[in-house]
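> how would this look folded up:
(one chain, ligands or ions: 1)
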Amino acid sequence: MKSLVFKYPGDPPQPAIEMNRAEFLTVCPRHPTRIYSGDTVQEFPMAEDEIWCDQCDEDPGDYVLLIGGTRAMCRKCADEFYLPHCRETS
Ligand SMILES: [Zn+2]
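Numbering: from 1, shown residues only. Predicted structure coming up:
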């Protein structure tokens, strides 16, 4: 894992971490999606290893850039949108 700081101009800095798929699944365990409607709750279980990129919805494969502790980015979106605004923490 590699810790970075993502700082987009005009926005506060956020932690960013480059990790592989196994590391991501450890840091962010999958949990079922719950949909509440009136008094009923429907649960939609997620596969244990399901990951998608928050930017393009593709499966990120074995590279995940975690932004702000909650958002996962694939390599392509990381390269295009995020890594240009990241720097390594000292
Ligand atoms: Zn993506």
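
> mind checking which helix or strand the closest residue to Gln42 other than its chain neighbours is in?
Distances taken as CB to CB, 6 or more residues apart in numbering put Ile35 closest to Gln42, at 4.7 Å, once the chain neighbours are dropped. C-beta: built from backbone N, CA, C; applies to glycine. Secondary structure from DSSP states H and E places Ile35 in strand 33-37.

> other residues contacting stretch 17-32?
For stretch 17-32, contacts defined as CB atoms under 8 Å, 6 or more residues apart in numbering pick out 1-4, 43-51, 60-66, 70, 72, 78.

> quickly note the distance from the residue sitting nearest the centre point of the chain to Leu25.
Against the mean C-alpha coordinate of the chain, by CA atoms, centre = their mean, the closest residue is Ala72 at 1.4 Å. Separation of Ala72 from Leu25 (CB to CB, to the nearest Å) stands at 10 Å.

> shared neighbours, the two?
Common neighbours of Ala72 and Leu25 (criterion: CB under 8 Å, 6+ apart): Ile51.

> which of the residues in the host helix or strand of Lys76 are buried?
Per DSSP H and E: Lys76 is located in helix 75-77. Buried residues in helix 75-77, counted by 16 or more other CB atoms under 10 Å: 75, 77.

> can you name every helix or strand that the following helix or strand past it contacts?
Downstream of helix 75-77, the first helix or strand assigned by DSSP H and E is strand 86-88. Judged by 3 or more CB pairs under 8 Å, 6 or more residues apart in numbering; DSSP states H and E, strand 86-88 is in contact with strand 2-6.
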